[in-house]
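Peer 1: Return a 3D structure for these sequence lines:
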Amino acid sequence: MTYLDLISERHLTNYRISKQNNIPLTTLQDIASGKSSLLFCNGKTLLELSKILKVSIEDLLNLEKEEDKKAFPKFLTKSIDSLRKGIRNQSSLIDCYYDELASSINVAEIEHYITKETADRLRKRYFSND
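Peer 2: Predicted coordinates:
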């Protein structure tokens, strides 16, 4: 699970977290994009995020790094973003978003846009109950 997956599950956005908790929006955007790591955040930011997201600091630090969106075809990035938005908004179409993502991963792998390892990692991230 990545930081963006986690905030989607909590029905939050970076903007809302920033405004309600006085954490700079740019800090949150850098974490979300993978430009900055949670490992380099100060203790106050980690503690605040831990409380907001209802996870331990250890769990925060163990989140997977966000994949570089430039490494994925646009249709796959769109499917991931749609799923996250559907989760955040508690959409009644969530099954459709999961199906779309599964199809997008399969097509991206078969057409050699992503490696088998990347496809397996995405499947594990979004479809595994571990």
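
Peer 1: At which residues are the helices of this structure located?
Peer 2: With DSSP state H, the ranges of helices along the chain come out as 3-9, 14-21, 25-33, 43-53, 57-61, 74-88, 94-110, 116-127.

Peer 1: mean confidence for the last one?
Peer 2: Spelled out, it's helix 116-127. Mean per-residue pLDDT for helix 116-127: 93.

Peer 1: same question, the first one
Peer 2: Per-residue confidence for helix 3-9 averages out to 92 on the pLDDT scale.

Peer 1: for it, packing partners?
Peer 2: helix 25-33, helix 74-88 (3 or more Cβ pairs under 8 Å, 6 or more residues apart in numbering; DSSP states H and E). C-beta here means a position set from N, CA and C on the backbone, and glycine is covered the same way.

Peer 1: any idea of the angle the longest one forms with helix 116-127?
Peer 2: Following axes from the mean of the first three to the mean of the last three Cα atoms, to 10 degrees, one obtains 20 degrees for the angle between helix 74-88 and helix 116-127.

Peer 1: Not counting its own residues, what contacts helix 74-88?
Peer 2: 4-5, 7-9, 11-13, 69, 72, 91, 93-94, 97-98, 100-101, 103-105, 107-108, 113-114, 126 (Cβ atoms under 8 Å, 6 or more residues apart in numbering).

Peer 1: can you give me how far that helix is from the chain middle?
Peer 2: 10 Å (Cα atoms, centre = their mean, to the nearest Å).

Peer 1: which residues touch Asn21?
Peer 2: Applying Cβ under 8 Å, 6+ apart, the residues contacting Asn21 are 48, 52.

Peer 1: Likewise for the one 4 residues further on?
Peer 2: Applying Cβ under 8 Å, 6+ apart, one finds that Leu25 lies in contact with 14-15, 18.

Peer 1: could you dump these to JSON lines with neighbour count, distance to Leu47 and pLDDT?
Peer 2: Formatted as JSON lines, those follow (neighbours: other Cβ atoms under 10 Å; distance: Cβ to Cβ, whole Å; pLDDT from 0 to 100):
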{"residue": "Asn14", "neighbour count": "19", "distance to Leu47": "18", "pLDDT": "94"}
{"residue": "Tyr15", "neighbour count": "11", "distance to Leu47": "20", "pLDDT": "94"}
{"residue": "Ser18", "neighbour count": "16", "distance to Leu47": "16", "pLDDT": "94"}
